[in-house]
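Trainee: turn this into a structure:
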Amino acid sequence: MKKVLVLLAVVLGLGTSVVFAEGVKDAKKEQTVKKSPDFIEIYMNDVPETIMDTLACEGAMIKQAFLSYGADGSRIYKVIILTSSLEETTRYFSEDGKVIR
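Mentor: Numbering: from 1, shown residues only. Next up is the predicted model:
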C-alpha cells in the first residue's frame, strides 16, 4: 500500500511540473510581440517637406503616412509610396528626410 501511495505522489508531481512548464513558454511569446513600435496614421500635410522633396526627386507619390516615436524621442515616419512604375513600397524616414531602413 505504501508503494502505491508513493508511486501516485510521484506521478502527480511530475504531471504538474509539465503543466507549469508550458505556461512559461506562452508568457515569453507575448513579450516578444509587444516590442514593435506603434505607428499612427497622419495627414499628408503633416509629413515634413524634406521627406516630400526626397520622394519628389524619385518621382514617387505618397499613398499613406504614419508617425511613431523612437526610444530617444525622435520622430520616425513610415511612408507607403507608389513608385513611378506603380509599385507599392514602404519606406521609413527620420525627421530630416534620411531613409532609415
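Trainee: can you report how many residues neighbour the nearest residue to Ala60 once chain neighbours are set aside?
Mentor: Nearest residue to Ala60 in three dimensions, chain neighbours excluded: Ile81, at 4.4 Å (Cβ to Cβ, 6 or more residues apart in numbering). C-beta: built from backbone N, CA, C; applies to glycine. When neighbours are counted by other Cβ atoms under 10 Å, Ile81 registers 17.
Trainee: residues contacting whichever strand or helix holds Ile81, please?
Mentor: In the assignment (DSSP states H and E), Ile81 maps to strand 75-82. Identification of contacts with strand 75-82 by Cβ atoms under 8 Å, 6 or more residues apart in numbering yields 37, 39, 47-48, 51, 55, 60-70, 88-95, 100.
Trainee: again, 6 Å this time
Mentor: With Cβ atoms under 6 Å, 6 or more residues apart in numbering as the test, strand 75-82 has contacts from 39, 60-68, 70, 88-93, 95.
Trainee: for PyMOL, write the select line for the buried members of those.
Mentor: Applied in PyMOL, the following selects the buried portion of those according to 16 or more other Cβ atoms under 10 Å:
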select buried, resi 39+60+62+65+66+67+91+92+93
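Trainee: which of the contacts of strand 75-82 fall in strands?
Mentor: 61-68, 88-93 (DSSP state E).
Trainee: coming back round to it: beta-bridge partners for the residue nearest to Ala60, please?
Mentor: Residues in a beta bridge with Ile81, per DSSP bridges, are Ile62, Thr89.
Trainee: any idea how the chain splits into domains?
Mentor: 1-35, 40-94 (automatic domain parsing).
Trainee: same list (these) but as CSV, adding mean pLDDT.
Mentor: Below are these laid out as CSV (pLDDT from 0 to 100):
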stretch, mean pLDDT
domain 1-35, 61
domain 40-94, 93
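Trainee: ranking those domains by burial, who's on top?
Mentor: domain 40-94 (a mean of 13; mean count of other Cβ atoms under 10 Å).
Trainee: what distance separates that domain from the centre of its chain?
Mentor: 17 Å (Cα atoms, centre = their mean, to the nearest Å).
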